[in-house]
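> Fold the following and give me the result.
(2 chains)
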2 protein chains.
Amino acid sequence: MQNRITSLFGIKYPIIQGGMIWCSGWKLASAVSNAGGLGIIGAGSMYPEILKEHIQKCKQATKKPFGVNLPLLYPDIDKHIATILEEKVPIVFTSAGNPGVWTETLKAAGIIVVHVVSNEKFALKAEACGVDAIVAEGFEAGGHNGREETTTLVLIPQITSAVKIPVMAAGGIGTGKTMLAAMVLGAEGVQVGSRFVTSEESSAHNNFKNMILQAKEGSTQLSLKQLTPVRMLKNKFWEDVVYAESNCASKEDLATLLGRARAKKGMFEGDLVEGELEIGQISGYINAIKPAGEIIAEMVNEYNLALSNLAHKQLEE
Amino acid sequence: MQNRITSLFGIKYPIIQGGMIWCSGWKLASAVSNAGGLGIIGAGSMYPEILKEHIQKCKQATKKPFGVNLPLLYPDIDKHIATILEEKVPIVFTSAGNPGVWTETLKAAGIIVVHVVSNEKFALKAEACGVDAIVAEGFEAGGHNGREETTTLVLIPQITSAVKIPVMAAGGIGTGKTMLAAMVLGAEGVQVGSRFVTSEESSAHNNFKNMILQAKEGSTQLSLKQLTPVRMLKNKFWEDVVYAESNCASKEDLATLLGRARAKKGMFEGDLVEGELEIGQISGYINAIKPAGEIIAEMVNEYNLALSNLAHKQLEE
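Residues are numbered from 1 along each chain as shown, chains lettered A, B, ... in the order given. A predicted model of the protein is given here:
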């Protein structure tokens, strides 16, 4: 199967690994790209010199296309942009910010630019800014998320009918079945985050990976909505947030409670008590740590199986 | 196409019209059943004598199977149960309460019993109580909703692997595309609410129907979480709730603000300012009031089209 997403990136499978903070360095990105998907380095948790190192190592580990995810609110963004241009990164996914600022610079350097959105308004804006494709991310996704709380099932048909450029679906997708459902809704590819957090090549701390394996349906919540909404596992830090909110904490109180480097503490350093553990709703059905290549092969196999299960499912009109 | 849901109910299409308060009387239920789906009378907003009248009129208006939706927390529930038994209603969907209390009585009378759940735990409990099938309703659904906030995309695979009885998907489904996506996820039928609220035969007030046509992506929110979470359109009443919550309103304050009969005021009497306007996220892409039969024909047609679009979408393994 070939479509606009596989052609745009030059990949075998329309499976994109989300460029997540603290989890997705060169090891994960190159493993995904080598398995026929699109691996993405998550620049949001890297200092500029670290990003450079990861890009260089990724180039050595794979001859396939890979990308960098760049949160546009990153404080040293001009340094990250300079690194990306110097290292001739072929694909950049931008998120969390205004796609109007850097898209032109990146496109002028021949880079394929994708922007991540969580609502229709930003999808239209990103398209108007000239990006090549969009990731539309639903409410069920882990980490930072939109205020509209639109779920993937509702968001994808809405956005694919609003824009002309190809759309990848994110949020709630980690199996071949959910991938096929996203394609039915009009997506031409999927971005998978949580499932790759628990891959062998992910740089997430093992404590965090193991806690994800224990998660059930209902183990995450979109929290801290007064600041930036973020979906996380319900641990002691989350309980502290809930307690503060139920005691009418102000935005400032919550910012103080959150403090700095909570996500690093939880996801990278493995502090399951005080850390912020960003993960999506599908954590409820992740039950094993596997190599990224095996995750992709499994998804492709499940997708094909789900597709063949649809034979003779036509309704009589 | 025949499956366990079409066989269980004896219907042509696995499309169930949600039994919604203030919207689904005998006119809507019989229109849906006559069009090959399963129409459901929403007993939650009816006095016992009104329910009786609707059941009798429904029997006159259709020879096809239909059902009654019964919220188990309904204050006069024993009267509703008596009416259902007397009138030999063939199918009952129970919701909002413990399926352990009435399932046996209904089953003993030969009634097909379905329970509506929003999480895996209640799905397992309903199955253990002997219900024939489950409706699993995701976060995007209108009206009252679960605390886990699990979306349809995540909930359906979770529940279909947890239980053996057939599962219908609800929440975010109002088109043939979203119906096919739900079937891919493992559902054997879909329950559609919001789309039928705007049908010609729905008893929702025209003001409410017209406001739904204006809704965009992001026009609803799951609100009043300190009481029972309910998804509604963002109107003046909703703004009052948000204001109260941002001023640290207690549960009691919110109950006072909500008062009684807010849903009736909005949905049935058409007060778009002070009423509670329960509707799902798919309101964002409902843009016309149509007869229920036309909605079903359109869904079936879209479903078949989406299915045929999947030809040659197999991935190379």
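
> where's the residue in the stretch 1-150 of chain A positioned nearest to chain B relative to residue B:234, distance?
Closest residue of the stretch 1-150 of chain A to chain B, CB to the nearest CB: residue A:148 (3.5 Å). C-betas here are computed from N, CA, C, even on glycine. Counting by CB to CB, to the nearest Å, the gap from residue A:148 to residue B:234 is 10 Å.

> what comes up buried for stretch A:213-233?
Neighbour-count burial for stretch A:213-233 flags A:215, A:217-224, A:226, A:229-233 (criterion: 16 or more other CB atoms under 10 Å in any protein chain shown).

> just to revisit the earlier point, wait, what's in contact with the residue of the stretch 1-150 of chain A closest to chain B?
Residues in contact with residue A:148, defined by CB atoms under 8 Å, 6 or more residues apart in numbering or on different chains, are A:118, A:119, B:217, B:218.

> Among these, which ones are in strands?
Counting by DSSP state E, no part of the contacts of residue A:148 is found in strands.

> Distance to residue B:109 and pLDDT added to the residues you listed, as TSV?
Shown next, in TSV, are the contacts of residue A:148 (distance: CB to CB, whole Å; pLDDT from 0 to 100):
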residue	distance to residue B:109	pLDDT
A:118	48	97
A:119	48	97
B:217	44	93
B:218	45	95
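
> Kindly reformat the residues you listed as JSON lines containing distance to residue A:189.
Formatted as JSON lines, these follow (distance: CB to CB, whole Å):
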{"residue": "A:118", "distance to residue A:189": "17"}
{"residue": "A:119", "distance to residue A:189": "19"}
{"residue": "B:217", "distance to residue A:189": "21"}
{"residue": "B:218", "distance to residue A:189": "24"}
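
> and of these, the nearest to residue B:243?
residue B:218 (18.7 Å; CB to CB).

> For stretch A:234-251, the averaged confidence score.
What stretch A:234-251 shows for mean pLDDT is 95.

> ok, it near chain B or not?
Yes - using CB under 8 Å from any CB of the partner chain, a contact is recorded between stretch A:234-251 and chain B, made by residue A:248.

> can you map out the strands along the stretch 101-250 of chain A?
A:112-117, A:133-137, A:143-144, A:167-170, A:189-192, A:220-223, A:230-233 (DSSP state E, counting those that start in this stretch).

> In a markdown table: those strands, plus distance to chain B.
Formatted as a markdown table, the strands of the stretch 101-250 of chain A follow (distance: least, CB to the nearest CB, whole Å):
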| stretch | distance to chain B |
| --- | --- |
| strand A:112-117 | 11 |
| strand A:133-137 | 10 |
| strand A:143-144 | 15 |
| strand A:167-170 | 9 |
| strand A:189-192 | 11 |
| strand A:220-223 | 7 |
| strand A:230-233 | 10 |
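
> For residue A:167, give me its contacts.
Residues in contact with residue A:167 (CB under 8 Å, 6+ apart) are A:123, A:133, A:134, A:135, A:136, A:156, A:159, A:160, A:186, A:187, A:188.

> my guess is the third one contacts residue A:124, does it?
No - proximity of residue A:134 to residue A:124 does not meet the contact threshold set by CB atoms under 8 Å, at 9.6 Å.

> what residues are shared contacts of the two?
residue A:163.

> Of those two, which one has the most company?
residue A:134 (26 against 15; other CB atoms under 10 Å in any protein chain shown).

> So what pairs up with that one in the strands?
Assessed by DSSP bridges, residue A:134 has beta-bridge partners residue A:115, residue A:167.

> ok, now which ones touch it?
Shown in contact with residue A:134 (CB under 8 Å, 6+ apart): A:114-117, A:123, A:126-127, A:159, A:163, A:165-168.

> would TSV of the residues you listed with distance to residue A:48 and pLDDT be doable?
Converted to TSV, the contacts of residue A:134 look like this (distance: CB to CB, whole Å; pLDDT from 0 to 100):
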residue	distance to residue A:48	pLDDT
A:114	21	98
A:115	21	98
A:116	21	98
A:117	26	98
A:123	30	98
A:126	25	98
A:127	29	98
A:159	32	98
A:163	32	98
A:165	30	98
A:166	31	98
A:167	31	98
A:168	27	98
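
> Please name the nearest non-neighbouring residue to residue A:125.
Nearest non-adjacent residue to residue A:125, counting by CB to CB, 6 or more residues apart in numbering or on different chains: residue A:99, 6.8 Å away.

> Identify each buried residue in the helix or strand encompassing residue A:16, please.
Here residue A:16, judged by DSSP states H and E, is contained in strand A:15-17. Buried positions in strand A:15-17, judged by neighbour count with 16+ other CB under 10 Å: A:15, A:16, A:17.

> next one: stretch A:191-205
Neighbour counts using 16+ other CB under 10 Å place A:191-199, A:201-205 of stretch A:191-205 among the buried residues.
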